[in-house]
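Undergrad: below: sequence and its predicted model.
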Amino acid sequence: MSDPRIPNDVRKQVNDRITDQSSGTIAQVVEAGKSSQKRREDAKKKKEEEAKAKSGGGGGGGGSSST
């Protein structure tokens, strides 16, 4: 799916530059993207966990029952 705001000639120029690069350069870009995505996911999880802990939603548990 193409972004209509990006002209086709610009897209072609970018694609041409990518294909002209060595595979090592492309691998670095891919790894940087994966690393960035993982950091964002980790930060989101941490934020959700902190919000859950702050709201007291510890998942139940706790308490004891006597028989």
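TA: Thanks, I have the structure now. Numbers count the residues shown, from 1 in each chain.
Undergrad: can you list the weak-confidence ranges in the protein?
TA: The chain contains residues with pLDDT under 70 at 1, 57-67.
Undergrad: remind me, longest helix of it?
TA: Counting by DSSP state H, the longest helix found in the chain is helix 23-54.
Undergrad: show me how far it is from its chain's centre.
TA: 4 Å (Cα atoms, centre = their mean, to the nearest Å).
Undergrad: same thing with stretch 21-41?
TA: Put simply, stretch 21-41 sits 11 Å off its chain's centre (Cα atoms, centre = their mean).
Undergrad: and for stretch 16-25?
TA: Stretch 16-25 sits 23 Å away from the centroid of its parent chain (Cα atoms, centre = their mean).
Undergrad: repeat that for stretch 15-29.
TA: With Cα atoms, centre = their mean, you get 21 Å for stretch 15-29.
Undergrad: spatially, what comes nearest to I26 if we skip its sequence neighbours?
TA: Of all residues not flanking I26 in the chain, I18 sits nearest, at 6.7 Å (Cβ to Cβ, 6 or more residues apart in numbering). Using the backbone N, CA and C atoms, a C-beta is placed for each residue, glycine as well.
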